[in-house]
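**Q** Build me a model:
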Amino acid sequence: MNFDALIIGGGIHGSATAYHLANAGIKALVLEKDYVGRHASGVNAGGVRLLGRDLAEVPLSKEAMTRWQTLDQELDTDTGFRRRSLINIAIDDADMGKISSRINQLAELGYDHEVQINQQELRERLPHVAPNCVGGVVSEQDGYAIPYKATSAYRLAAERAGVVFHEGESVQSLRQIGDNWQVKTDKATYDAGILINCSGAWADKTAVLMGDNVPLSHSAPMLMITTRMPHFAGPVVGAISRQLSFKQFENGTVLIGGGAKGFADRDNNRTTLDYKKLALAAETTKTFFPIMKKAVINRMWAGLEAYMPDNLPVIGAGVNARNAYHAFGFSAHGFQLGPVVGDVITQLITTGKTSFDLNSFRIDRFERKVL
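**A** As a prediction, this is how the structure comes out:
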């Protein structure tokens with residue numbers, strides 16, 4: 001079977017890339033070894049966060065944030081997006097100093113989306129915050145979406161535009177013949193002019209088959225959700241110098257993250273929870289919000305996530321093969337970038353360029369330089 005483009009990986013970036021390619025008139029196939037949204041794209045915290053981004057990511061993240069505001073209408077499906085703002089809390093003057101320094105750094109680059117707030121403003125926005133918290137920083141456009149809904153929304157929009165999705169089909173080998181790619185799976189053989197690696201936690205294996213080596217690691221970030229509680233937090237909440245991250249949904253349940261990692265078994269598609277770390281994350285939440293002492297944890301889980309050494313993703317063309325592209329290694333904060341990365345990859349494929357500076361995201365940025 002022949003396709004213009006073949007995408008390996010059915011997460012949000014693979015599905016969004018398929019959507020944008022189809023809108024550019026490119027016939028695409030998405031191969032997913034499990035099912036669409038099975039891994040990080042379906043089970044992450046759903047953070048739609050511009051606040052605190054690495055400076056290299058800010059231009060992409062700002063464009064993505066603009067698109068999130070109207071994404072439901074664009075895809076004609078509910079992504080679960082809610083604009084609630086995001087506040088990172090400061091617990092002392094040192095934290096407030098970090099906020100001031102960061103805002104000055106952003107201002108020099110022309111950005112004003114992060115705004116410092118004092119203790120009174122913090123308490124007006126979060127009345128149940130602990131009395132020792134002295135202020136924070138807010139990004140008003142931020143919020144959350146429902147990961148599986150958002151990923152499925154891209155898949156459905158892509159399918160309406162003509163994209164074919166094959167689930168439960170694993171790539172066995174890749175071979176470039178002339179300018180085309182031959183892709184063999186456990187079920188069929190495909191020919192495609194363009195190959196795109198959106199393989200998430202397995203992207204280093206795919207990259208090697210495409211001729212590119214990359215120092216990707218993987219882990220299992222954990223989440224837990226409470227039973228319903230009285231509403232006490234409108235904004236999404238984080239902290240400047242603590243592992244704190246939570247959001248309260250419209251039904252009253254509270255999703256608690258914070259970056260604690262469990263145990264990842266990539267070869268067997270499995271994760272195992274680390275209950276000690278989950279308990280510490282729960283304690284941190286109670287420290288910042290005493291009302292959480294009444295919370296009852298209803299469910300806990302972890303997903304497989306890919307990490308790069310500098311926590312920046314790989315976005316762009318391959319370096320050792322023609323007609324090869326990569327979008328992976330989002331290091332637990334790639335969900336928000338979903339609406340823009342697929343479009344950027346499509347721009348590279350159709351025009352050979354993009355208006356975004358992708359130098360920090362090159363796949364070969366860790367290769368040892370020969371003197």
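**Q** Where is the longest helix in the chain?
**A** When the chain is parsed with DSSP state H, its longest helix is helix 93-108.
**Q** now that helix: mean pLDDT?
**A** Averaged across helix 93-108, the pLDDT comes to 98.
**Q** Show residues contacting it.
**A** Surrounding helix 93-108, the residues in contact under the criterion C-beta atoms under 8 Å, 6 or more residues apart in numbering are 52, 55, 58, 88-90, 112-116, 134-137, 240-241. Just so you know, the C-beta spots here come from the backbone N, C-alpha and C atoms, and that holds for glycine as well.
**Q** mind redoing it with 6 Å?
**A** 90, 114, 116, 135, 137, 240, 241 (C-beta atoms under 6 Å, 6 or more residues apart in numbering).
**Q** Could I have the buried ones of the residues you listed as ChimeraX selection syntax?
**A** Command for ChimeraX, covering only those of those found buried under the criterion 16 or more other C-beta atoms under 10 Å:
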select :90,114,135,137,240
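**Q** Same list, the contacts of helix 93-108, but as JSON lines with pLDDT and distance to residue 164 please.
**A** Below are those laid out as JSON lines (pLDDT from 0 to 100; distance: C-beta to C-beta, whole Å):
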{"residue": "90", "pLDDT": "98", "distance to residue 164": "49"}
{"residue": "114", "pLDDT": "98", "distance to residue 164": "42"}
{"residue": "116", "pLDDT": "98", "distance to residue 164": "49"}
{"residue": "135", "pLDDT": "98", "distance to residue 164": "51"}
{"residue": "137", "pLDDT": "98", "distance to residue 164": "44"}
{"residue": "240", "pLDDT": "96", "distance to residue 164": "46"}
{"residue": "241", "pLDDT": "94", "distance to residue 164": "47"}
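**Q** now for the contacts of helix 93-108, which pair is the farthest apart?
**A** 114 and 241 (16.0 Å; C-beta to C-beta).
**Q** Which one of the contacts of helix 93-108 is nearest to residue 185?
**A** The closest of the contacts of helix 93-108, once distances to residue 185 are taken by C-beta to C-beta, is residue 114, at 44.9 Å.
**Q** The longest helix of the chain: what's the following helix or strand?
**A** strand 115-118 (DSSP states H and E).
**Q** other SSEs contacting that next one?
**A** strand 135-139 (3 or more C-beta pairs under 6 Å, 6 or more residues apart in numbering; DSSP states H and E).
**Q** hmm, try it at 8 Å
**A** With contacts taken as 3 or more C-beta pairs under 8 Å, 6 or more residues apart in numbering; DSSP states H and E, strand 115-118 sits against helix 93-108, strand 135-139.
**Q** Alright, I will stop here.
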